[in-house]
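My questions are about this predicted structure, shown below with the sequence.
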Amino acid sequence: MIVKSIIRDRRNRRWCIGAGLALLVISICIGMWAQTPAAAKAPAKAVAAVATPAQGANVPEMTSADVSAFLDGIMPLQLAREDIAGAVVLVVKDGKVLFAKGYGYADVDKKTPVTPDGTLFRPGSVSKLFTWTAVMQLVEQGKLDLDRDVNDYLDFKIPATYPKPITLRNIMTHTSGFEETVKDMWLSKPSDIIPIGDYVKAHVPARIFPPGVTPAYSNYATTVAGYIVQRVSGESFDDYIEHHILFPLGMQRSTFRQPLPANLKSMMSCGYTVASEPAKPFELIEPAPAGSSSITAMDISHLMIAHLQDGKYENVQILRPETAQLMHSRQFANLPDMNAMALGFYEESRNGHRIIGHAGDTLYFHSDLHLIPDAGVGFFVSYNSLGKAEISPRDALWRQFMDRYFPYEPPAGVTVANAAEDAKTVSGSYIVSRRMESNFLAVLTPLEQLKVSPSSSDNTVTASELKDLNGKPKHFREIGPLLFRDVNGQSRIAFKRDDSGRLVLVIDYPFMVFQHASWYQSSRFNLVIICGALGVFLLTLVLWPITYFVRRHYAQTPKLSPTLGKLRMWVRVVCAVDLFFVAVFVTLVLFSLKSFSVFSSRMDIWWHLLQFVGWLGVLGTLVVLWNAIESWRYQERGLCSKLGDTLIVFAAVGYTWFVVYWNMLHWSLHY
């Protein structure tokens with residue numbers, strides 16, 4: 001689910017919240033410093049979008065023995081290097097399990113080994129594939145229509161922010177237009193779990209895009225789809241998944257239920273941040289249809305085989321062939337030559353093969369599921385630890401697997417005449433579409449931007465957050481009009497313009513895009529504003545006692561009128577209030593890395609109290625302004641003192657603009 005990263009390493013994120021706020025803390029410390037593009041820039045269909053598969057006798061045959069030897073040479077070293085407790089890897093081919101093996105430990109203290117059929121993992125958003133399969137079952141029964149207003153299936157109304165209604169097709173292609181939401185996603189104890197219906201009614205996020213236009217990955221929208229399955233079928237969501245998917249497929253050791261049923265508890269792997277630290281508690285996920293499943297690798301192989309075989313596993317048909325084919329087909333593409341969303345699955349083509357799949361993250365478990373339909377191959381991996389998070393272990397593993405069994409010939413280079421001009425055109429900061437916008441966590445936006453920079457030496461561009469396995473930013477060369485490919489690999493980025501003429505950056509993962517940021521939304525501008533303001537506030541407070549003792553030592557008194565004497569003290573109070581607000585805000589959000597109870601309904605009163613303090617600081621800007629006016633009017637006041645008072649005004653105004661523009665004081669607690 002979250003973590004949620006964005007771009008190629010999005011699957012190695014704690015959905016950006018901690019990273020963004022960590023950047024804020026660091027900045028304060030050191031700062032105290034399917035749509036078409038414009039006609040002229042449409043990508044040429046003749047450009048090769050993916051590499052061409054290699055041919056020859058040197059390609060290893062994908063056998064159980066060869067896969068075993070290959071993975072046995074990688075996985076133990078990877079676990080040790082990344083400080084990961086355990087993992088499970090499974091490969092299916094031609095309707096059968098070709099390879100399945102556990103590595104490392106399910107419980108480090110007890111030295112309990114991971115096994116593919118006896119260890120439960122939390123695959124996070126891979127769980128969505130069960131929800132989407134359930135939706136398609138009801139579609140083929142005529143009980144659901146992919147293009148009907150979802151409000152027709154609900155007992156509450158999603159606000160009509162835009163003329164077009166949200167449909168199930170929008171939800172399954174992540175184009176519902178909802179902003180991101182994290183409140184009450186992770187819970188502390190089972191008694192905190194509320195029914196799905198209560199959750200979706202109480203946590204309706206703002207709609208920030210028209211449906212069917214801008215992809216923005218949404219756990220909330222998926223949970224709405226799960227609630228619709230529940231209402232239309234007449235069964236609880238957990239019951240429906242068991243009766244119509246898990247039990248028919250023989251997945252007896254898998255469940256969406258939380259807490260775990262008694263017969264499965266002993267099989268559950270512990271979750272870890274890193275293997276060298278203590279195990280974490282079982283994660284409780286409120287939006288269950290979006291990511292609450294617990295599965296064994298052998299069990300999920302049944303679902304993988306069913307989807308590779310047009311809905312059939314052994315003698316069971318969970319979807320009609322035509323329904324499965326529809327589910328796997330391209331439904332929404334940001335650009336014709338880029339990967340597209342299918343119905344729930346997303347494309348991630350590599351090495352000349354069209355691949356559909358889904359990744360998943362909880363706080364501690366990190367998983368990938370890939371299907372290669374034209375080869376009849378499926379690949380699943382799940383880790384029970386975040387690890388060092390310097391690279392994405394599963395991404396590295398998947399690349400090596402593909403390069404071994406599906407090697408490719410690098411595509412020929414292409415020269416674009418206006419490459420230097422295009423590189424300059426697309427440079428700038430970009431904001432991810434999967435974001436919070438209407439609430440106080442909108443402040444993450446200026447901290448999570450992707451920066452595109454041109455290289456004058458070779459006409460390539462770099463994107464700050466698109467990094468290779470060595471941790472260095474990738475270099476992209478233009479291979480078609482505003483279409484770029486990694487000079488050392490297959491990753492692609494492309495650019496288009498939306499209806500307003502704004503540049504949009506499209507990446508290989510089709511469930512979100514990056515929109516060009518205005519100058520006042522850019523990270524550089526905002527960090528200068530907020531860090532500069534906080535630096536002035538801090539300096540003002542630090543110098544206050546210092547100047548007092550200096551004047552006392554030299555028997556001098558400040559030249560102040562009675563009014564200025566009182567205002568001077570209140571200005572210091574305003575500076576202290578503003579610093580206190582930011583310090584507590586950052587502390588709370590950083591604490592969420594250890595306990596997501598910070599983002600729960602029980603914290604509402606505390607967030608409102610903090611925002612009240614923030615409003616006091618904002619209103620205090622009037623006091624700061626009054627003080628500066630009186631300072632300039634008082635003739636005996638020295639020039640340096642007047643300039644200092646004026647500097648505090650600029651700091652207070654900049655601070656006020658920042659906290660108001662980024663909704664840090666917005667009273668809405670739908671976040």
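Structure's in. What do you need?

Could you use CA atoms for every contact and neighbour count after this?
Will do.

burial of Thr175, as a residue count?
When neighbours are counted by other C-alpha atoms under 10 Å, Thr175 registers 27.

what about the closest residue to it other than its chain neighbours, neighbour count?
Excluding the flanking residues, the one nearest Thr175 by C-alpha to C-alpha, 6 or more residues apart in numbering is Pro215, at 4.4 Å. Per other C-alpha under 10 Å, the neighbour tally for Pro215 reads 29.

can you check Phe525 too?
Neighbour tally, Phe525, other C-alpha under 10 Å: 12.

picking up where we left off before, is it true that the residue nearest to Thr175 touches Pro510?
Yes - with contact defined as C-alpha atoms under 8 Å, Pro215 reaches Pro510; the gap is 7.2 Å.

Other residues contacting the helix or strand hosting Ala87?
Using DSSP states H and E, Ala87 falls within strand 86-93. Strand 86-93 is touched from outside by 79, 97-106, 113-116, 297-298, 301, 304-305, 375-385, with contacts defined as C-alpha atoms under 8 Å, 6 or more residues apart in numbering.

Restricted to strands, list those residues.
97-106, 113, 377-383 (DSSP state E).

Weed out the non-buried ones from the residues you listed.
Buried subset of the ones in strands among the contacts of strand 86-93 (neighbour count, 16 or more other C-alpha atoms under 10 Å): 97-106, 113, 377-383.

Would you map out the domains in this structure?
Using automatic domain parsing, the domain parsing of the chain gives 119-346, 419-519, 523-661.

average pLDDT for the last one?
Along domain 523-661, the predicted local confidence has a mean pLDDT of 90.

now swap in the first one and tell me
For domain 119-346, the per-residue pLDDT values average out at 97.

I would like the residues contacting the host helix or strand of Tyr220, please.
Per DSSP H and E: Tyr220 is located in helix 219-233. By C-alpha under 8 Å, 6+ apart, the residues outside helix 219-233 that reach it are 1, 128, 131, 134-135, 138, 143-144, 153-154, 168, 171-172, 174, 176, 178, 180-181, 196-197, 200, 204-205, 236-237, 240, 287-290.

Val182 against Tyr671, yeah?
Yes - taking contacts as C-alpha under 8 Å, Val182 lies within contact range of Tyr671: 6.0 Å.

thinking again about what came up before, can you tell me which of the contacts of helix 219-233 are buried?
Listed as buried from the contacts of helix 219-233 are 1, 128, 131, 134-135, 138, 144, 153-154, 168, 171-172, 174, 176, 178, 180-181, 196-197, 200, 204-205, 236-237, 240, 287-290; burial here means 16+ other C-alpha under 10 Å.

Tell me which entries of these lie within helices.
128, 131, 134-135, 138, 168, 171-172, 196-197, 200, 237, 240, 288-290 (DSSP state H).

which of those residues lies closest to Phe209?
Ile171 (12.8 Å; C-alpha to C-alpha).

what's the closest one in contact with, if anything?
Contacts of Ile171 (C-alpha under 8 Å, 6+ apart): 218, 221-222, 225.

repeat for Leu138
Counted by C-alpha under 8 Å, 6+ apart, Leu138 has contacts 144, 229, 233.

and the last one, how far is that from Thr167?
I take that to be Ser233. 18 Å (C-alpha to C-alpha, to the nearest Å).

Between these two, tell me which one has more neighbours.
Between Ser233 and Thr167, Thr167 has the larger neighbour count (other C-alpha under 10 Å), namely 21 against 15.

is that one in a bridge, and if so with what?
Asp149 (DSSP bridges).

Can you get me a residue count around Thr161?
Neighbour count of Thr161, defined by other C-alpha under 10 Å: 13.

which one is it nearest to, not counting chain neighbours?
Arg207 (6.6 Å).

returning to what we had before: going through the contacts of Ile171, which ones are buried?
Buried among the contacts of Ile171 (16+ other C-alpha under 10 Å): 218, 221-222, 225.

May I see those organised as CSV, with distance to Phe537 added?
Listed next are these as CSV, based on distance: C-alpha to C-alpha, whole Å:
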residue, distance to Phe537
Ser218, 39
Ala221, 42
Thr222, 44
Ala225, 48
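
So which of those residues is the closest to Leu538?
Ser218 (39.4 Å).

contacting residues for that closest one?
Contacts here follow C-alpha under 8 Å, 6+ apart; on that basis Ser218 touches 171, 174, 176, 178-181, 434.

mind listing the strands for the stretch 451-600 of the chain?
Applying DSSP state E, counting those that start in this stretch to the stretch 451-600 of the chain gives strands spanning 461-467, 473-480, 483-486, 492-497, 503-506, 513-516.

Going by contacts, tell me the helices and strands next to the third one.
If you count contacts as 3 or more C-alpha pairs under 8 Å, 6 or more residues apart in numbering; DSSP states H and E, strand 483-486 packs onto strand 473-480, strand 492-497.
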